[in-house]
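Visitor: have a look at this prediction, sequence included:
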Amino acid sequence: MSFSKKIFSSATGALLLATAMNVSAPAPAAYADDAGAFVGGIMAARIGQNMRSRTQAEQQQAQAQQQQAQAAQDQAYYSQQQVQQAPPPPAEQTVEERLAQLDKLAAGGYITADEYKKKKQAILDEM
């Protein structure tokens, strides 16, 4: 049942209850009218409270969804910024460049002759 139908049926029920109290009340008509108005007022207050509670809950839910959307948008923006700022991967060296670098290391005394031979063979085996 939709929210507006619930309100209508509640208001109708309050009106019927107030009318029934007017007809069947043994008190004088003035007291019956007061009782009907009292019951109607209670029903109206309850309906108003329900409407305020529901509106508040809907507003909180909308705010939470908006915050989630903003957080997702911020995350996407920062991810994009990181991708744009990342340095390009270094270009892979050719076999000749790797062998020339290996020769420089051996000539400078940074590696032993045995290490030079093993590394040179490994480079040549990759071809």
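Guide: Arrived safely, thanks for sending. What you see is a predicted model, and the numbers here were worked out from it, not measured in a lab.
Visitor: which other helices and strands contact the lengthiest helix in the chain?
Guide: In the chain, ranked by residue count with DSSP state H as the criterion, the top helix is helix 29-85. Under the contact criterion of 3 or more C-beta pairs under 8 Å, 6 or more residues apart in numbering; DSSP states H and E, helix 29-85 touches helix 3-24. C-beta here means a position set from N, CA and C on the backbone, and glycine is covered the same way.
Visitor: pLDDT on the helix it packs on, on average?
Guide: Regarding helix 3-24, the rounded mean pLDDT is 58.
Visitor: same check, this time on stretch 109-117
Guide: Stretch 109-117 comes out at a mean pLDDT of 89.
Visitor: could you do stretch 59-73 as well?
Guide: 92.
Visitor: how about that stretch as PDB, C-alpha atoms only?
Guide: Taking C-alpha atoms only, stretch 59-73 is exported to PDB below (Å, rounded to 0.1, in the frame of the first residue of the first chain):
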ATOM      1  CA  GLN A  59      16.800  12.600   3.700                       C
ATOM      2  CA  GLN A  60      19.400  10.700   5.700                       C
ATOM      3  CA  GLN A  61      19.400   8.000   3.000                       C
ATOM      4  CA  ALA A  62      19.800  10.500   0.200                       C
ATOM      5  CA  GLN A  63      22.600  12.200   2.000                       C
ATOM      6  CA  ALA A  64      24.400   8.900   2.600                       C
ATOM      7  CA  GLN A  65      24.100   8.100  -1.100                       C
ATOM      8  CA  GLN A  66      25.400  11.500  -2.100                       C
ATOM      9  CA  GLN A  67      28.400  11.100   0.200                       C
ATOM     10  CA  GLN A  68      29.100   7.600  -1.300                       C
ATOM     11  CA  ALA A  69      28.900   9.000  -4.900                       C
ATOM     12  CA  GLN A  70      31.200  11.900  -4.000                       C
ATOM     13  CA  ALA A  71      33.700   9.500  -2.400                       C
ATOM     14  CA  ALA A  72      33.600   7.300  -5.500                       C
ATOM     15  CA  GLN A  73      34.100  10.300  -7.700                       C
END
